[in-house]
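>>> For reference, the sequence and a predicted model appear below.
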Amino acid sequence: MGEAAMKRPEEIARLRAKRIEHLEAALAVADEAGDGTAGYLIESALDTVRADLWPGNLDWPPLPRKK
């Protein structure tokens, strides 16, 4: 079981909100600096977190390792 599966749903929601808050702050800084590439990447991360598809929130099996 993944580490996130051991956390309570309230804790996962609190941490998700905190990620969104930090990413929004980072996006504001990227916009202020005129860094379109960073802004694009941050917006992509925001979309992922807002969709709740962050791998830490899911109990996905680990990816197989190449030998």
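That came through fine. Small disclaimer: the values here were computed from a predicted structure and weren't measured.

>>> Tell me which residue is most central in this structure.
Nearest residue to the geometric centre of the chain (Cα atoms, centre = their mean): V49, 4.3 Å.

>>> hang on, isn't that residue packed against A17?
No - taking contacts as Cβ atoms under 8 Å, V49 lies outside contact range of A17: 9.3 Å. Glycine gets a C-beta too; all of them are placed from N, C-alpha and C.

>>> circling back: and the residue nearest to the centre of the chain, how far from T37?
Separation of V49 from T37 (Cβ to Cβ, to the nearest Å): 19 Å.

>>> just E43 next, same as before
11 Å.

>>> Tell me which of the two has more neighbours.
E43 (14 against 8; other Cβ atoms under 10 Å).

>>> Burial check on H22, number of neighbours?
Neighbours of H22 (other Cβ under 10 Å): 13.

>>> What's the mean pLDDT across the helix or strand that contains A13?
According to DSSP states H and E, A13 maps onto helix 9-33. Helix 9-33 shows a mean pLDDT of 92.

>>> centre of the chain versus it, how much separation?
In terms of Cα atoms, centre = their mean, to the nearest Å, the centre of helix 9-33 is found 8 Å from the chain centre.

>>> other SSEs contacting that helix?
Judged by 3 or more Cβ pairs under 8 Å, 6 or more residues apart in numbering; DSSP states H and E, helix 9-33 is in contact with helix 36-50.
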